[in-house]
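K.L.:
This is a predicted model, with the sequence first.
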Amino acid sequence: MSTERTVAQLLVACLENEGVEFVFGLPGEENLQMIDALADSSIRFVTTRDERGAAFMADTYGALTGKAGVCLATLGPGALNLILGVANAQLDSHPLVAIVAQAGLHRLYKESHQVVDLVSLYRPITKWGDMITLRDAAPEMVRKAFKQAQTERPGATFIVVPEDVAERTTDAPPLKVNVPRDPSPSEDQVHRAAHALAEARHPVVLAGAGVARDHAVEALRRFSEQLHIPVATTFQGKGAIPDDHPNALGTIGFMVKDYANFGFDRADVVVAVGYDIVEYAPARWNPARDKRIVHVHRTVAEVDENYQLEVGLQGSIGEALDAIAGASTIHPVSAEVPPVRAHLREEWEDGAADDGFPLAPARIVHDIRTAMGRTDIVLCDTGAAKMWMARLYPTYEPNTCLLSNGLATMAFALPGAIAAKLVHPERRVLAVMGDGAFLMSVAELETAVREGVSLTILVWVDGGYGLIGWKQDLHFGRRWAVAFGNPDLVQLAESFGANGYRVEAAAELLPTLERAVRGEGVSVVACPVDYAKNALLVARLGELEGSI
């Protein structure tokens, strides 16, 4: 019996072999072979309204599962639209495989309709990728794409599939899937790290997203508790230690000095665990280059003049932390936890009691936290809302507060919420977005309704690009070119078949949110926000200089 099939069918078989559950994308002329092959597969194809949305869904799937999310686009315009989400996955270290169609090989040597050099466009924003020109190379290229995407640091890869190659037949089979194992940490480096901590007077841990990626959350908590070292997290590291843990310092990465920074001002040793400098430059927390840095990660440290290592441990993060803690019983460490949580609690309580309308950002954050369970998922889009959520939203488990903080793109939260609900249908999912980001991705409301997922979008309405206006206030004392108008967001939501809610008083937000997140279907909650509180926050933090 013949085992021949088209290259497109083989590619889909390779995806099944990799355990792919979903492919997000749009059909086009040049990927018709792939679309048809997917129709006969076990993979659920989610048709999106925009290729950016498809890439953001694949990106979020990768963030939540650790397995590569897959997105699919046609050539030219479709492939170019996909780039934003692919770049976001790359800079946020989320595993993603992009499959993009291309014109036939016979057209690529000359100027041709819709043809751009996709390999040259995608290579600078991915870990690896290439174009299939030999039909039997497909299994090797798919295996390599997934292995590269999922190996630390994770990121994006791509495969370009020319139309005529997809139609060719082959009898090549998929390749066996294997998973590499990280090496154990060097015993010498472990003892050097323990000695550095023993000599420290004010050590602090800076935990990044790599902690959750390496399933080292429990090891980090053991390490902090055994050595009594405070832990701050990056934006994407939120949840690596629960914010109600006595050793939690909160989140570092705000655009001006925040409470958690004061734990770094006096720190003499910083244990950077799963920390990627793309999130928050070392110059921001080590400006004098006077801190001894212990780097614990599955990857070697990025070279930076403010990130010069005392000790570097590469390999399993959890194993390394346990080994350092064990060695440190010989060199006991005791670090005082700065009173950061008291300041955050004061701000939290002030926000909870603020009945002003439009709503204070801290009040919105408080009501979101009240409406959501400890393991429910919030996706915070880029903008002023992200700053408030990142620094003030208590997070208790990893991957329950997702932010774009490498590329820091707008418009990812709505499509990302769709993927989050597909991965975790048992959890409540909330996308927190400014009105600018929401209108950039609003078409995916139809995707959410059509796919039958239940999720809520909370739109912070201020009629402008609030974060940029905030920065203009700080730099120039005035705003320019950041204001816009909005449609009626409730009617807009309802026109898509979603539920629409309008908040018209501070007391209405929490019951409205609870109704939305506990209900079935897609809901949009429009909530006016008063960003005048931004300036008050900056002034408040400025007054804390040297006081913690």
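P.N.:
All right, it came through fine.
K.L.:
In three-state terms, label V517 for me.
P.N.:
helix (DSSP: H, G, I helix; E, B strand; the rest coil).
K.L.:
How far off centre is stretch 273-284?
P.N.:
15 Å (C-alpha atoms, centre = their mean, to the nearest Å).
K.L.:
Would you indicate which residues of the strand or helix carrying K471 are buried?
P.N.:
Taking DSSP states H and E as the definition, one finds K471 inside helix 466-476. Neighbour-count burial for helix 466-476, with 16 or more other C-beta atoms under 10 Å as criterion, is recorded at 466-473. For every residue, glycine as well, the C-beta is placed using N, CA and C.
K.L.:
Over to stretch 116-127?
P.N.:
Buried-residue list, stretch 116-127, by 16+ other C-beta under 10 Å: 118, 121-122, 125-127.
K.L.:
And the residues you listed, which two are furthest apart?
P.N.:
Using C-beta to C-beta, the pair of these lying farthest apart is L118 and K127, separated by 16.0 Å.
K.L.:
which stretches of the stretch 1-150 of the chain have low pLDDT?
P.N.:
The stretch 1-150 of the chain contains residues with pLDDT under 70 at 1-2.
K.L.:
Show the end-to-end separation of stretch 114-121, please.
P.N.:
End-to-end distance for stretch 114-121, by C-alpha to C-alpha, to the nearest Å: 14 Å.
K.L.:
could we number from 26 for the rest of this?
P.N.:
Done: numbering now begins at 26, and the last item shifts to stretch 139-146.
K.L.:
quick one: contacts of that stretch?
P.N.:
With C-beta atoms under 8 Å, 6 or more residues apart in numbering as the test, stretch 139-146 has contacts from 100-102, 104-105, 108, 125, 127-128, 132-133, 154-156, 183, 185.
K.L.:
what does stretch 203-215 give?
P.N.:
With C-beta under 8 Å, 6+ apart as the criterion, stretch 203-215 contacts 172, 176-177, 239, 323, 336-341, 344-345, 348-349, 352.
K.L.:
Just the buried residues of it, please?
P.N.:
207, 210-211, 214-215.
K.L.:
Rebuild the residues you listed as JSON lines, extending it with pLDDT and distance to W485.
P.N.:
Listed next are the buried residues of stretch 203-215 as JSON lines, based on pLDDT from 0 to 100; distance: C-beta to C-beta, whole Å:
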{"residue": "D207", "pLDDT": "73", "distance to W485": "41"}
{"residue": "P210", "pLDDT": "85", "distance to W485": "44"}
{"residue": "S211", "pLDDT": "88", "distance to W485": "48"}
{"residue": "Q214", "pLDDT": "95", "distance to W485": "46"}
{"residue": "V215", "pLDDT": "95", "distance to W485": "46"}
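K.L.:
Looking at these, which are in helices?
P.N.:
214-215 (DSSP state H).
K.L.:
Report the contact partners of V230.
P.N.:
245, 248-249, 254-257, 295-298.
K.L.:
Can you flag the buried ones in those?
P.N.:
By neighbour count, with 16+ other C-beta under 10 Å, the contacts of V230 hold 245, 248-249, 254-257, 295-298 as buried.
K.L.:
leaving aside the residues next to it on the chain, what's closest to V448?
P.N.:
Of all residues not flanking V448 in the chain, L89 sits nearest, at 4.8 Å (C-beta to C-beta, 6 or more residues apart in numbering).
K.L.:
which strands and helices sit next to the helix or strand encompassing the one you found?
P.N.:
Using DSSP H and E, L89 maps to helix 76-90. Counting contacts by 3 or more C-beta pairs under 8 Å, 6 or more residues apart in numbering; DSSP states H and E, helix 76-90 is packed against strand 47-50, strand 94-98, helix 102-117, strand 121-127, strand 426-428, helix 438-448, helix 460-466.
K.L.:
So for E76, which of those sits nearest?
P.N.:
Nearest of the helices and strands packed on helix 76-90 to E76, taken as C-beta to C-beta: helix 102-117 at 3.6 Å.
K.L.:
Which positions in the closest one come out as buried?
P.N.:
In helix 102-117, counting by 16+ other C-beta under 10 Å, buried: 103-104, 106-117.
K.L.:
Identify, from those, the entry nearest to E471.
P.N.:
Taking the buried residues of helix 102-117 together and measuring to E471 by C-beta to C-beta, the closest member is N106, at 16.8 Å.
K.L.:
how far away is G491 from L133?
P.N.:
Going from G491 to L133 by C-beta to C-beta, to the nearest Å gives 45 Å.
K.L.:
what about the strands in the stretch 126-275 of the chain?
P.N.:
153-156, 181-187, 194-195, 228-232, 256-258, 273-276 (DSSP state E, counting those that start in this stretch).
K.L.:
looking at these, which is buried most?
P.N.:
Sort the strands of the stretch 126-275 of the chain by mean neighbour count, taking mean count of other C-beta atoms under 10 Å, and strand 256-258 sits at the top with a mean of 30.
K.L.:
what's in contact with it?
P.N.:
The contact list for strand 256-258 (C-beta under 8 Å, 6+ apart) reads 229-233, 245, 249, 264-266, 270, 272-277, 285, 288-289.
K.L.:
Repeat the analysis, applying 6 Å as the threshold.
P.N.:
Strand 256-258 is contacted from outside by 230-232, 249, 265-266, 272, 274, 276-277, 285, using C-beta atoms under 6 Å, 6 or more residues apart in numbering.
K.L.:
likewise stretch 324-339?
P.N.:
177-178, 210, 214, 217-218, 221, 302, 307-308, 311, 314, 317-321, 345.
K.L.:
One more pass at 8 Å, please.
P.N.:
Residues contacting stretch 324-339 (C-beta under 8 Å, 6+ apart): 177-178, 208, 210-211, 214-215, 217-218, 221, 235, 294, 297, 301-302, 306-308, 311-312, 314, 317-323, 345, 349.
K.L.:
ends of it, how far apart?
P.N.:
OK, stretch 324-339 end separation, C-alpha to C-alpha: 6 Å.
K.L.:
low-scoring stretches of the chain, by residue?
P.N.:
26-27, 280-285, 287, 355-363, 563-573.
K.L.:
quick one: D84 and P120 touch, right?
P.N.:
No - using C-beta atoms under 8 Å, D84 is not in contact with P120; the gap is 9.0 Å.
K.L.:
more crowded one of those two?
P.N.:
D84 (33 against 29; other C-beta atoms under 10 Å).
K.L.:
The more buried one: what's its closest spatial neighbour, skipping adjacent residues?
P.N.:
Distance criterion C-beta to C-beta, 6+ apart; nearest residue to D84, sequence neighbours excluded, is A114 at 4.2 Å.
K.L.:
who are the neighbours in contact with the one you found?
P.N.:
A114 neighbours (C-beta under 8 Å, 6+ apart): 80, 83-84, 87, 94, 120-121, 180-181.
K.L.:
do the same with R226
P.N.:
By C-beta under 8 Å, 6+ apart, the contact set of R226 is D293.
K.L.:
so what's the backbone phi/psi at it?
P.N.:
phi -100, psi -30 (degrees, to the nearest 10).
K.L.:
how close does it get to I254?
P.N.:
Counting by C-beta to C-beta, the gap from R226 to I254 is 12 Å.
K.L.:
Give the bridge partners for the closest residue to A123 other than its chain neighbours, please.
P.N.:
Leaving aside its chain neighbours, A123 sits nearest to F183 (4.3 Å; criterion: C-beta to C-beta, 6+ apart). Beta bridges link F183 to A123, G154, judged by DSSP bridges.
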